[in-house]
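Undergrad: how does the following fold in three dimensions:
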Amino acid sequence: MERKVSLKDIAQKVGVSTALVSYVLNNKRENRVSKELAQRIRDAAAAMNYRTNQVARSLKTNKTYTIGLIVSDIANPFSSGLARIIEDEAEQHQYTVIFSSSDENAGKSGKLIDTLLDRQVDGLIIALPAFAEHQVLYLQQQQIPFVLVDRYFPEIKTNHVALDNYGAALKGVEYLIKAGRKRIGMITYDTEVFTLQERKRGYTAALKQHKLPAPKNLVKEVNIKVEKAAVEKAIQTLLSGPDPVDGLLFGANNLAVAGLKCISAMPIKIPDDLMIVNFDETEALEFFHAPFAYIKQPLHEIGRLATRLLLEAIEKRNSITQINLEGELVLKVPSMPY
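TA: Coordinates of the predicted model:
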């Protein structure tokens, strides 16, 4: 078996001390050495196929330099985009991210937390499903560094970074109202997830503030596993009859994709007959050639802030930080006629 290259081997090749090689290869900023010498050391390490001894590094620092990330569904464009941003931010601090999906199942998220902790991750960034409050309390009791992202539980004081979902929904519905819409519906998930409950609350508040009707039959809730047929049924119900809706808020991007596919097959003029607002941007909606608006979440800021808060928690900076960021209303203009 070929002998592994050591720091001493690199030091001898470059003609410097082993301590200096260790300093350069284990620090992002080499303030004590010239850029030219630091680059020579890194080039020598690459040419000699040097690999960091992670076990030795962990024993020395008491860290594994890994972060566990649990999202609802890594296939969802929002989750995958967020994961990429967190991965890039973590990499800048020499951390590796291990991804997993809870599938909106509290039992599965609990098992994933246990698995990640068994792997000795230094901390967790988690988008928890509904009914997972006990998992947050467990992490607090065990003094494990973690940050809740996108979802949080308002009754539990802990680090979180999320969208101001109430304000974002309020903004979206007010856009429809200012455009003259009088009968505005909403399609959302049937779930206790606080994020989505806040979107529904913002929708209702906007209607009440502008003295518009907010009957319960204008809000259609579908299973969070998203069945296309259920979304189509909700669309048909809201748009049929003598008094159809003239404005519609989709509570999540997957719902918008399924709903807009259904609407595009109907004899409805967008935006003349129906104006639409949805949450999040997704490439799938580029194929819907009609004007609509969407709430753009500050995804990069959410991911960067969540990662930085976690790294601060890992370094035992124990102050609680709770951040709710404002969403931006964006008008999507079609590239070709509908």
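
Undergrad: pull the number of nearby residues for residue 80.
TA: For residue 80, the neighbour count with other Cβ atoms under 10 Å is 14. Placement of C-beta: from N, CA and C, glycine included.

Undergrad: which of the three states applies to it?
TA: Counting by DSSP: H, G, I helix; E, B strand; the rest coil, the backbone at residue 80 sits in helix.

Undergrad: might one say that it is in contact with residue 74?
TA: Yes - judged on Cβ atoms under 8 Å, residue 80 makes contact with residue 74 at a distance of 5.7 Å.

Undergrad: give the contact list for residue 228.
TA: Neighbouring residues of residue 228 by Cβ atoms under 8 Å, 6 or more residues apart in numbering: residue 258.

Undergrad: please repeat the previous calculation with a cut-off of 10 Å.
TA: Counting by Cβ atoms under 10 Å, 6 or more residues apart in numbering, residue 228 touches 222, 254, 257-259, 261-262.

Undergrad: least trustworthy helix or strand in the chain by mean pLDDT?
TA: Lowest by mean pLDDT, DSSP states H and E among the helices and strands of the chain is helix 54-61, with a mean of 50.

Undergrad: run me through the strand neighbours of the helix or strand following that one, direction for each.
TA: Scanning forward in sequence from helix 54-61 by DSSP states H and E, the next helix or strand is strand 66-71. Within its sheet, and counting by DSSP bridges, strand 66-71 is paired with strand 96-101 (parallel), strand 123-126 (parallel).

Undergrad: looking at those strands, which is buried most?
TA: Neighbour counts (mean count of other Cβ atoms under 10 Å) averaged over each of these peak at strand 123-126, with a mean of 25.

Undergrad: ok, then the element right after that one?
TA: Assigned by DSSP H and E, the successor of strand 123-126 is helix 133-141.

Undergrad: other SSEs contacting whichever helix or strand comes after that next one?
TA: Under the assignment DSSP H and E, the closest C-terminal helix or strand after helix 133-141 is strand 146-149. Applying 3 or more Cβ pairs under 10 Å, 6 or more residues apart in numbering; DSSP states H and E, one finds that strand 146-149 contacts strand 66-71, helix 77-92, strand 123-126, helix 133-141, strand 160-163, helix 299-314, strand 322-325.

Undergrad: how far does the second one sit from its chain's centre?
TA: On the basis of Cα atoms, centre = their mean, to the nearest Å, helix 77-92 is displaced by 8 Å from the centre of the chain it belongs to.

Undergrad: residues of that helix that come out buried?
TA: 77-79, 81-83, 85-87, 89-90 (16 or more other Cβ atoms under 10 Å).

Undergrad: could you do the last one as well?
TA: Of all the residues in strand 322-325, those buried under the rule 16+ other Cβ under 10 Å are 323, 325.

Undergrad: CA atoms only: put that strand into PDB for me.
TA: Extracted in PDB, the C-alpha atoms of strand 322-325 (Å, rounded to 0.1, in the frame of the first residue of the first chain):
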ATOM      1  CA  GLN A 322     -34.700  35.200  15.300                       C
ATOM      2  CA  ILE A 323     -34.900  36.600  11.800                       C
ATOM      3  CA  ASN A 324     -38.000  37.000   9.600                       C
ATOM      4  CA  LEU A 325     -37.200  38.500   6.200                       C
END
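
Undergrad: ok, and what's touching that strand?
TA: So strand 322-325 is contacted by 147-149, 152, 154, 157-168, 198, 297-299, 301-302, 305-306, 309 (Cβ under 10 Å, 6+ apart).
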